[in-house]
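> Show me the folded form of this:
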Amino acid sequence: MATKKSQAPDYKFSSMAVLIDGENVDRLKVESILERIGQLGTITTRRVYGDWSQEKLQMWDDTISVCALRAMHHYVHSTQKNTSDIALVIDAMDLLYTGKYDAFVIVSSDGDFSNLAVRIRNEGKFVIGVGRRKTNYNFITICNMFINQDKLSSSVGTSNPDRLKNMVETLNSKIAERDTAIKTQRDKMKEKNKAMTDLKKELASVKKELRTSVSANKKLEAQLARLQRTNEKLQKRNGDLKKTKEKLQQKSLGHKADTEHFVSELLQKAIEGEEVAPNKYPLDVIGKKIRIEAPDFRPSDYGFSSLSKLIGSIPGVELQTEQNRLMFVMENQQATQN
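The predicted structure is shown next:
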């Protein structure tokens, strides 16, 4: 590509600042670029900008060394804007204000540097652009001179055998370092995978213990529920027993009252005229008279299975057997009658 507004071939700039966009330039062209620019004057500052932590810029080391470049490192903090471009612009303005340079060389195919070129030209400085043939036309026309780097030879082609050998050795060294780093990373990954496997086993064991614990808790809860139901049944049964006891007590009191009634009325009538000895009465005769007097009479109505047991329960009464005949003696008959 033809240059624009190029000065006479015998013109030499006394001080030139070369600012290289390392992320937008073929590093193999840099040596030829500097050689071409050196024909125009003295290069007093040569800087290259980039985030050297990026893998794609790792091969710049040899170029930086051979071409005596000052590597300006700037981390890329955002994918929206190139941090290195901003750093290049800031440095260009700082160098411009020093007044030491009469020419600035911007090595980049990025048209975003058009405003920088305008600003430098407004200060009366000569601007040289270096880039590919497809560089933005606006940037090309703003520069006082534009050099098409596609027409320049690569440094690999012009390097002597020793330099090429050094580059190959550097490349092999970097490959070996990368292989070592990859192996180290793989070993770390294996350790992490092993730790993850152990962690999964431990987690499975914990889950199993947890399931066992939950199952045991459910069994305990079921047993507790059964015990509570049993306790409720026992409490109900105790209540029923208490009620039954109270009823029995009431019934016993009723039997006692019925017995006293029987003694005071029915038995007194039955024993009249049946005394076979002082205060002694035959049980069979008395039983017949009671049944005649009260046909509905039942000893069980008073809580006794037989008449003998009923009469025998009366205080002061004693049962006796004479000649196979059951008698009862009322020792306190007079008191009973009263």
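> where in the stretch 101-250 of the chain is pLDDT low?
155-168, 170 (pLDDT under 70).
> which residues of it fall in helices?
Under the criterion DSSP state H, counting those that start in this stretch, the stretch 101-250 of the chain contains helices at 114-122, 137-142, 155-158, 161-261.
> Tabulate these (JSON lines), appending mean neighbour count.
Just so you know, the C-beta spots here come from the backbone N, C-alpha and C atoms, and that holds for glycine as well. As requested, the helices of the stretch 101-250 of the chain are arranged in JSON lines below (neighbours: other Cβ atoms under 10 Å):
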{"stretch": "helix 114-122", "mean neighbour count": "17"}
{"stretch": "helix 137-142", "mean neighbour count": "17"}
{"stretch": "helix 155-158", "mean neighbour count": "14"}
{"stretch": "helix 161-261", "mean neighbour count": "11"}
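> Just put these in a markdown table and tack on distance to residue 289.
Supplementary listing: those in a markdown table, determined by distance: least, Cβ to Cβ, whole Å:
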| stretch | distance to residue 289 |
| --- | --- |
| helix 114-122 | 145 |
| helix 137-142 | 149 |
| helix 155-158 | 151 |
| helix 161-261 | 17 |
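> Can you give the domain ranges for this protein?
Here the domain assignment for the chain is 13-159, 262-337, based on automatic domain parsing.
> Pick the most deeply packed of the ones you listed.
A comparison of these by mean neighbour count, using mean count of other Cβ atoms under 10 Å, puts domain 13-159 on top with a mean of 18.
> For that one, what is the distance to the chain centroid?
On the basis of Cα atoms, centre = their mean, to the nearest Å, the separation between the geometric centre of domain 13-159 and that of its chain is 52 Å.
> residue closest to the middle of this protein?
Of all residues in the chain, the one closest to the mean position by Cα atoms, centre = their mean is residue 203, 13.0 Å from it.
> For residue 293, see how far away that one is.
94 Å (Cβ to Cβ, to the nearest Å).
> Residue 19 too?
If you go by Cβ to Cβ, the gap between residue 19 and residue 293 works out to 145 Å.
> One more: residue 51?
Applying Cβ to Cβ, one obtains 130 Å for the distance of residue 51 from residue 293.
> do the same with residue 75
127 Å.
> How about residue 72?
Using Cβ to Cβ, one gets 139 Å for the distance from residue 72 to residue 293.
> How about the contacts made by residue 91?
When contacts are counted by Cβ atoms under 8 Å, 6 or more residues apart in numbering, residue 91 is found next to 19, 47, 49, 72.
> Take those residues and lay them out in CSV including pLDDT.
Putting the contacts of residue 91 into CSV (pLDDT from 0 to 100) gives the following:
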residue, pLDDT
19, 94
47, 93
49, 90
72, 86
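> mind putting those residues in TSV, distance to residue 185 and secondary structure included?
What follows is the contacts of residue 91, written out as TSV (distance: Cβ to Cβ, whole Å; DSSP: H, G, I helix; E, B strand; the rest coil):
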residue	distance to residue 185	secondary structure
19	36	strand
47	33	strand
49	29	strand
72	29	strand
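> ok, so of those, who is nearest residue 151?
Proximity of these to residue 151, judged by Cβ to Cβ, is greatest for residue 19, which lies at 21.0 Å.
> can I assume that closest one is in contact with residue 90?
No. Because the distance of 10.6 Å does not satisfy Cβ atoms under 8 Å, residue 19 is recorded as not touching residue 90.
> Isn't residue 37 up against residue 16?
Yes. Taking contact to mean Cβ under 8 Å, the distance of 6.8 Å between residue 37 and residue 16 places them in contact.
> ok so, going back, ranking the domains of the chain by mean pLDDT, which is last?
When these are compared on mean pLDDT, domain 262-337 scores lowest, with a mean of 82.
> on that earlier part again, between which two of the contacts of residue 91 is the distance greatest?
Using Cβ to Cβ, the two most remote members of the contacts of residue 91 are 19 and 72, lying 8.9 Å apart.
> tell me what the strand or helix carrying residue 35 is packed against?
When elements are assigned from DSSP states H and E, residue 35 belongs to helix 30-38. On a contact count with 3 or more Cβ pairs under 8 Å, 6 or more residues apart in numbering; DSSP states H and E, helix 30-38 meets strand 13-21, strand 41-50, helix 60-66, strand 103-107, strand 126-131, strand 145-148, helix 155-158.
> Quick one, which of those gets closest to residue 228.
Distance to residue 228, taken as Cβ to Cβ, is lowest for strand 41-50 among the helices and strands packed on helix 30-38, at 77.8 Å.
> List the neighbouring strands of the closest one plus their orientation.
For strand 41-50, the paired strands and their directions (DSSP bridges) read strand 13-21 (parallel), strand 70-73 (parallel).
> I'd like those strands laid out as a markdown table, including distance to residue 307.
As requested, the strands paired with strand 41-50 are exported to a markdown table (distance: least, Cβ to Cβ, whole Å):
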| stretch | distance to residue 307 |
| --- | --- |
| strand 13-21 | 134 |
| strand 70-73 | 127 |
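> of all those, which lies closest to residue 109?
Of all the strands paired with strand 41-50, strand 13-21 sits nearest to residue 109, with 8.0 Å by Cβ to Cβ.
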